[in-house]
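S.K.: After the sequence you'll find the predicted model.
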Amino acid sequence: MTETAKRRPGPRIEEVARVAGVSKSTVSRVINGEPYVSTKAREAVHAAIAQLGYSPNQAARALAGHRANAIALVVSEPTGRVLSDPFFAGVLRGVHSELAGRHVQLLLMMSQPSDTGDLVAYLASGHADGALLVSLHGEDPLVPMLHEMGLPVVVGGRPLGSTSVPFVDSDNFTGGLEAARHLVSLGRTRIGTVAGPKDMAVGADRLSGFRRGLSEGKVATDLVAHADFTPESGARAMAELLDQAPDLDAVFVAADIMALGALQTLHARAKRIPEDVAVIGFDDSVLAATATPPLTTIRQDVEELGRTMTWRLLAELAGEEGLPPSLLLPTSLVRRASA
């Protein structure tokens with residue numbers, strides 16, 4: 001054996017992570033026996049350690065103090081929508097508030113289907129210790145991809161389909177239920193809804209709760225038009241409902257930002273609010289109080305959503321045991337002039 005070979009250091013932690021196809025922080029969690037690592041990732045790390053002849057004790061020493069000290073907030077929406085919708089600003093304020101004083105950096109990332117691979121590769125390279133995922137559509141491949149590579153993940157909003165990934169959500173079903181009960185209590189009998197997207201659990205849960213409330217009041221549940229959490233889609237959906245049911249006397253709009261568009265359509269059709277059509281939104285964002293008329297809405301604490309997501313992720317990174325797999329935050333009715 002040459003003198004050079006004798007001096008060559010053993011495999012580094014980066015090599016173990018590369019061969020295993022996971023992040024350095026995942027290798028650390030496997031070596032230290034920490035929870036929330038998938039079976040596939042754990043087996044890959046063990047195989048890489050065996051292949052490279054890497055000492056777990058050496059790895060544990062090498063990893064001491066080598067965390068990224070950063071988490072990623074990944075939003076699955078175009079940049080323009082993220083910057084214009086108060087919901088995302090509220091989540092960001094909550095995340096930032098929970099991180100205050102912890103010496104943990106926040107990476108804000110926008111995710112589109114075309115760049116999922118690049119985003120996963122970036123996170124796998126050790127730039128973040130964990131990720132918060134917000135506004136997932138359908139069965140987004142980002143969730144299983146990050147989970148399989150062993151990166152701790154917390155989702156904001158219930159993901160569609162079955163998943164073992166922890167999530168934090170508002171109680172959207174009860175919020176929709178309360179909106180319907182309030183409209184029925186006002187004596188309205190032809191009640192429609194501008195529902196959220198079909199490919200998001202938040203839309204499905206609010207619609208399910210709303211239909212439950214109408215059924216309790218023996219009111220038909222057939223007036224449904226879907227929109228995509230933009231004012232323009234809310235305006236189009238409201239026009240669709242009025243064309244279908246000119247005698248419509250109340251509407252639940254599943255987000256305040258869509259309710260702005262719905263109000264524009266109602267004003268354009270010369271409908272008095274609430275005399276002709278009562279309107280309820282969802283969120284209690286700054287948009288609700290400044291609408292014309294001020295909007296009755298279902299309040300969710302968006303900043304608390306961001307704080308709770310961040311707490312849940314940091315607790316997992318700290319190795320806390322017995323953490324809840326999901327958390328539901330309460331909603332409440334805020335009455336203003338529109339209903």
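M.R.: Structure received. Numbers count the residues shown, from 1 in each chain.
S.K.: contacts and neighbour counts: CA atoms only from here.
M.R.: Will do.
S.K.: now the helices for the stretch 151-300 of the chain?
M.R.: 172-185, 201-216, 231-244, 256-268, 286-290 (DSSP state H, counting those that start in this stretch).
S.K.: pLDDT weak spots in this structure?
M.R.: Residue ranges of the chain with pLDDT under 70: 1-12, 32-36, 53-66, 114, 162.
S.K.: at 50 what do you get?
M.R.: Low-confidence segments of the chain (pLDDT under 50): 1-9, 57-65.
S.K.: Where do the strands of it begin and end?
M.R.: 70-75, 105-110, 130-134, 153-156, 167-170, 191-195, 224-226, 250-253, 278-283, 296-300, 326-329, 331-334 (DSSP state E).
S.K.: of those strands, which approaches residue 141 most closely?
M.R.: With CA to CA as the criterion, residue 141 lies closest to strand 130-134 of these, at 11.8 Å.
S.K.: Keeping just the C-alphas, turn the closest one into CSV.
M.R.: Only the C-alpha atoms of strand 130-134 are listed here, as CSV (Å, rounded to 0.1, in the frame of the first residue of the first chain):
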residue,chain,number,x,y,z
GLY,A,130,-37.0,19.9,6.5
ALA,A,131,-39.8,21.3,4.4
LEU,A,132,-43.3,22.9,4.8
LEU,A,133,-45.5,22.2,1.8
VAL,A,134,-48.5,24.5,1.1
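S.K.: any idea what sits nearest residue 164, other than its immediate chain neighbours?
M.R.: residue 325 (7.8 Å; CA to CA, 6 or more residues apart in numbering).
S.K.: give the contact list for the spatially closest residue to residue 304 that is not a sequence neighbour.
M.R.: Counting by CA to CA, 6+ apart, residue 94 is the residue found nearest to residue 304 once chain neighbours are left out, at 6.0 Å. Residues near residue 94 by CA atoms under 8 Å, 6 or more residues apart in numbering: 302, 303, 304, 305, 306, 307.
S.K.: In helices only, show me these.
M.R.: Taking DSSP state H, the ones among these that sit in helices are 302, 303, 304, 305, 306, 307.
S.K.: which of those tops the neighbour count?
M.R.: residue 306 (27 neighbours; other CA atoms under 10 Å).
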